[in-house]
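Engineer: pasted the sequence and its predicted model underneath.
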Amino acid sequence: MEEAEKGEVFERNTKPWLDSHPGETSDAAGVFTDDIILEILSRLPARSVHRFKCVSVPGRDLITDPANRKKLPQALAGFLYMSFRSVHHHHFASVSGGAAPFDPSVPYLQPNKYKDMEQVDACNGLLLYRGCTKNLPPWDWKEDDCRFVVCNPATGSWVELPPQPQLQEPVKGRSRVAGLAFDPTVSSHFHVLRFEEADSSSVTGVSIYSSRTGAWSHRDRAMAEEVTLSYSTRCIFAGGVLYLMGSLQSTNNDHVLLAVDMAGKVWKTISVPYPRRFAMIGSSQGCLHYAIASVSDNNNILVSKIELWCLKDCDSKEWVLKHTASIDKIMGMTMKNYRVIGIHPDCNTIFLVPCGGHTLLPYDMQHQKVGCILNLEKNSTQRFLPYVPLFSESLADANGR
């Protein structure tokens, strides 16, 4: 049974007693104490928890209590993204209809030290930034002038990572792609992986920062295949493995999924559906998902559609097609082409941005419905980072407030 189904079963079974006597919490507590309910809710997907708030006043109060909030999974709040005018400007697109849950410019991250900061990655409530100490455009940033910073904006805690040790030949190369790996259900510690590339652009190895050790380590590429990473790729952490999109040089640059474990010892390439087309990966319902726009010929009529696939596990490398949806109707209404920029962490909703446009459009793949369209800032970058609040006080090695 999928997580979403478990949530629906719980809602059906608990709604009668909350609904029938919403004021008689003491009687209900005789059957289900608050501790038992919280324990059950903590094991459900965030979407079910937030739907449960609508069942009754006692249920809402139980979930929104600050003392309980830390124990429960949180829903997607929105997407972080940037625009660029001389320096990076940081924005937040709220999918809940409310205001941004924090100042997206995160002003507490040493503003006197960093002249500019760029958003790099987000993972389970933590954010990864790269800060530059000099007034330079991003394309002129040098390694010696930059530092990585990991923060939890829900609590205001942050940690600046130490500089990476300089690599020696022949492993020395450039680095464009970095990712954050963090699972609060497993540990309060996190990893940052920064991939090194040779002059030919193929991956040669990875530098790994562990908050447990407080130090960087290096691992050479542990596979024979040569993979070139896409600069626009997002790193996705799921099931203890970091995934990112690349191109396999031995197959005329077909797209593949590159998977690396947190020790940098296990490297795998995974074939993907439609290896010649651009796709978006994301973590949803505990599994890696893959959304791709494709065009099919239906009786000589070109039909635009989006497919949502799920990777069963890293070992089997098997993909399962979950949903297919036509976007011809959406394209017909707006006269624009769309690209997928994100996948909802708790349900089968994808997020679309029109090419050359400035709106964010949620699309429920399962029910074929368009959600509330959000306006975006002009001159936005291509990267959108999903943000789910984490109210845990602990951030391993935090040296900020």
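Structural biologist: Yes, it's here.
Engineer: burial measure for residue 219, as a count.
Structural biologist: Look at residue 219: counted by other Cβ atoms under 10 Å, it has 18 neighbours. (Each C-beta comes from the backbone N, C-alpha and C, glycine too.)
Engineer: for it, what are its contacts?
Structural biologist: 205, 206, 208, 263, 264, 265 (Cβ atoms under 8 Å, 6 or more residues apart in numbering).
Engineer: where does the stretch 51-200 of the chain dip in pLDDT?
Structural biologist: Along the stretch 51-200 of the chain, segments meeting pLDDT under 70 span 51-54, 63-64, 66-73, 166-175, 200.
Engineer: just the buried subset of the contacts of residue 219, written out for ChimeraX, thanks.
Structural biologist: With 16 or more other Cβ atoms under 10 Å as the criterion, this ChimeraX line picks the buried residues out of the contacts of residue 219:
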select :205,206,208,264
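Engineer: would you turn the contacts of residue 219 into a markdown table with secondary structure and pLDDT?
Structural biologist: As requested, the contacts of residue 219 are exported to a markdown table (DSSP: H, G, I helix; E, B strand; the rest coil; pLDDT from 0 to 100):
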| residue | secondary structure | pLDDT |
| --- | --- | --- |
| 205 | strand | 92 |
| 206 | strand | 93 |
| 208 | strand | 95 |
| 263 | coil | 93 |
| 264 | coil | 93 |
| 265 | coil | 93 |
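Engineer: which members of the contacts of residue 219 define the maximum pairwise distance?
Structural biologist: Largest separation among the contacts of residue 219 by Cβ to Cβ: 205 and 263, giving 12.9 Å.
Engineer: thought residue 141 was touching residue 132?
Structural biologist: Yes - using Cβ atoms under 8 Å, residue 141 is in contact with residue 132, at 5.0 Å.
Engineer: the more surrounded of the two?
Structural biologist: Taking neighbours as other Cβ under 10 Å, residue 141 and residue 132 compare with residue 132 leading, 22 against 17.
Engineer: show me what contacts that one?
Structural biologist: Neighbouring residues of residue 132 by Cβ under 8 Å, 6+ apart: 114, 115, 116, 117, 138, 141, 145, 146.
Engineer: which one of those has the most neighbours?
Structural biologist: residue 117 leads the contacts of residue 132 on contacts (other Cβ under 10 Å) with 22 neighbours.
Engineer: so that residue is in which element?
Structural biologist: Following DSSP states H and E, one finds residue 117 within strand 116-123.
Engineer: just checking, what packs against the helix or strand containing residue 158?
Structural biologist: Per DSSP H and E: residue 158 is located in strand 157-160. Secondary-structure packing of strand 157-160 (3 or more Cβ pairs under 8 Å, 6 or more residues apart in numbering; DSSP states H and E): strand 146-152.
Engineer: circling back to that earlier point, redo the contacts of residue 219 as CSV? Include distance to residue 159.
Structural biologist: Formatted as CSV, these follow (distance: Cβ to Cβ, whole Å):
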residue, distance to residue 159
205, 24
206, 20
208, 16
263, 21
264, 21
265, 25
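Engineer: of the contacts of residue 219, which is the nearest to residue 221?
Structural biologist: residue 205 (5.3 Å).
Engineer: run through the bridge partners of the closest one.
Structural biologist: Residue 205 has these beta-bridge partners by DSSP bridges: residue 196, residue 220.
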